[in-house]
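Engineer: Sequence and predicted structure are below.
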Amino acid sequence: MEEIRDTSADLITRHNLNSAYTVVQNSPLCIRTPMFHRCQQIFNMKENVQLHLKLENLQMTGSFKVRGLANQMAHLPEAVVKGDWPVITMSCGNYGKALSYAANKLGIRSTVIMPKTAPDNRAVLIRRYGSKVVKVDVSELQSKVDEKVANEGMYFIHPLDDLNLIAGHGSVGLEILEDVPNPDIVIVCCGGGSLLAGTATAIKLHCQTPCRVYGVEPETACTMFKSLVNDKALTDHKSHSFAPGLSAPFVGKYSFAHNKKFVDDILLVSDSEIISAVKLLYKAGLKVEPSGAAAFSALMHHKVPDVSGKTVVVVITGGNVSPEELVNIFEM
């Protein structure tokens, strides 16, 4: 299997995407998620839009994260695969859960470094798969990883800025094109930016007709938006949002490069708009976490330009929200 070269000038290619797509489709870690077709009437949309929802909240481990991870796992060093070299990552929840799930399946020892602000129930889920969890201040995430890599001989798997990760996430875009050929608009949330990068790249390189791809970030956690405005990947941005999965404190160089080239624009939504989207999706029978509802929120709150008469696909990225969290949301 071809390894993607790790240089700052690289962008993934059609070949990289197709190779990663094969990995994801054949991986026991992933499923092909369903497309909720022509659901505009369910949400009483006033615009003349044909709406389709890509339901990654039904993916294994409850989010899209396992797609990119499956492709990363396909490129691990032999010592890691054999279980001689433990892996480590940093995550506020969904990526850590996906890594722990995969490591458990493959018999690999794993550690997840989490910010102290991450919900406790996320750490509980990660530990259930057998991973060690270490909580630190957000500012100490990378330094703690570096410390354990240096002192304990761990192998770092990057949660948001890795070319194999981005290519694996591109499988979302390829599945969209198989289920909804030639969409006019695709909307994807943006946290670390790897899902948006992979999906946008796949759409732009494979779609037979023009298609706009929008990323969506919270107004108070718009790291990618500000990076694109400043034309450089921000490495220390103070982000906070009701959607913790979208509160990335930095943007990686690979995600930035792909989003700069292939994404049409980044749209911003408020926390209250995200909360209303979670409620609306739940009433339609879909359990979606705040981070997973952000892209849908942008469409519902008229942030997406020129949608009338268009075929629109929204990626619902995750469903890892507890009953207690839902109760709190509906009380807001």
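Structural biologist: Structure received. Residues are numbered from 1 along each chain as shown.
Engineer: Gly68: how many residues sit nearby?
Structural biologist: 31 (other Cβ atoms under 10 Å). Yep, even glycine has a C-beta here, placed from its N, CA and C like the rest.
Engineer: for it, helix, strand, or coil?
Structural biologist: Following DSSP: H, G, I helix; E, B strand; the rest coil, we place Gly68 in the helix state.
Engineer: separation between it and His75?
Structural biologist: Relative to His75, Gly68 is positioned 11 Å away (Cβ to Cβ, to the nearest Å).
Engineer: per-residue confidence for Gly93?
Structural biologist: What the model reports as pLDDT for Gly93 is 86.
Engineer: no wait, Met1
Structural biologist: Model confidence at Met1 (pLDDT) stands at 34.
Engineer: hmm, back to that, shared neighbours of Gly68 and His75, which are they?
Structural biologist: Asn164 (Cβ atoms under 8 Å, 6 or more residues apart in numbering).
Engineer: Now do the same for the residue nearest to the spatial centre of the chain: helix, strand or coil?
Structural biologist: Centroid check for the chain by Cα atoms, centre = their mean gives Leu195 as the closest residue, at 4.4 Å. When classified by three-state DSSP, Leu195 comes out as helix.
Engineer: which residues sit in contact with it?
Structural biologist: By Cβ under 8 Å, 6+ apart, the contact list for Leu195 reads 64, 68, 169, 172, 188-189, 315, 317.
Engineer: do Val80 as well
Structural biologist: By Cβ under 8 Å, 6+ apart, the contact set of Val80 is 86-87, 108, 155.
Engineer: quick one: contacts for Tyr155?
Structural biologist: Tyr155 neighbours (Cβ under 8 Å, 6+ apart): 76-77, 79-80, 85-88, 149.
Engineer: Of those, grab the buried ones for PyMOL.
Structural biologist: In PyMOL, this line selects whichever of the contacts of Tyr155 come out buried by 16 or more other Cβ atoms under 10 Å:
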select buried, resi 76+80+85+86+87+88
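Engineer: Show me the contacts of Tyr155 that map onto strands.
Structural biologist: 87-88 (DSSP state E).
Engineer: Make a markdown table from the contacts of Tyr155 and add distance to Met60 to it.
Structural biologist: Formatted as a markdown table, those follow (distance: Cβ to Cβ, whole Å):
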| residue | distance to Met60 |
| --- | --- |
| Leu76 | 19 |
| Pro77 | 24 |
| Ala79 | 26 |
| Val80 | 21 |
| Trp85 | 24 |
| Pro86 | 22 |
| Val87 | 18 |
| Ile88 | 21 |
| Val149 | 27 |
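Engineer: Out of the contacts of Tyr155, which is nearest to Phe330?
Structural biologist: Of all the contacts of Tyr155, Phe330 sits closest to Ile88, with 36.8 Å by Cβ to Cβ.
Engineer: which stretches of the protein form helices?
Structural biologist: 14-26, 65-73, 78-81, 94-106, 120-128, 141-152, 163-179, 194-206, 223-230, 253-262, 271-283, 290-300, 323-330 (DSSP state H).
Engineer: what's next to the fifth one, contact-wise?
Structural biologist: Contacts made with helix 120-128 from outside it, assessed by Cβ under 8 Å, 6+ apart, are listed as 92-94, 96-97, 100, 112, 114, 133, 135, 320, 322, 324.
Engineer: Report the inter-axis angle for it versus helix 323-330.
Structural biologist: Helix 120-128 and helix 323-330 meet at an angle of 160 degrees, taking axes from the mean of the first three to the mean of the last three Cα atoms, to 10 degrees as the criterion.
Engineer: Please renumber the chain so that the first residue is 56 from this point on.
Structural biologist: With the count now opening at 56, the last piece we talked about shows up as helix 175-183.
Engineer: just the angle between helix 175-183 and helix 149-161, please?
Structural biologist: Orientation check (the same axes, to 10 degrees): helix 175-183 against helix 149-161 gives 20 degrees.
Engineer: Now helix 175-183: buried residues?
Structural biologist: Using 16+ other Cβ under 10 Å as the test for burial, helix 175-183 gives 177-178, 180-181.
Engineer: distance between it and the chain's centre?
Structural biologist: Chain-centre distance of helix 175-183: 19 Å, with Cα atoms, centre = their mean, to the nearest Å.
Engineer: what's the answer for the shortest one, then?
Structural biologist: Between the mean C-alpha point of helix 133-136 and the mean C-alpha point of its chain there is a distance of 26 Å (Cα atoms, centre = their mean).
Engineer: again with stretch 305-319
Structural biologist: Averaging C-alpha positions (Cα atoms, centre = their mean) puts stretch 305-319 13 Å from its chain's average.
Engineer: Over to stretch 118-130?
Structural biologist: Between the centre of stretch 118-130 and the centre of its chain there are 11 Å (Cα atoms, centre = their mean).
Engineer: Extract the C-alpha set from that stretch and format it as CSV.
Structural biologist: Written as CSV, here are the backbone C-alpha positions of stretch 118-130 (Å, rounded to 0.1, in the frame of the first residue of the first chain):
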residue,chain,number,x,y,z
SER,A,118,-18.6,9.5,14.8
PHE,A,119,-16.7,9.9,11.5
LYS,A,120,-13.3,9.7,13.3
VAL,A,121,-12.8,6.0,12.8
ARG,A,122,-12.6,6.5,9.0
GLY,A,123,-9.4,8.4,9.0
LEU,A,124,-8.1,6.3,11.9
ALA,A,125,-8.7,3.1,9.9
ASN,A,126,-6.4,4.4,7.1
GLN,A,127,-3.8,5.5,9.7
MET,A,128,-3.8,2.0,11.2
ALA,A,129,-3.1,0.6,7.8
HIS,A,130,0.2,2.5,7.7
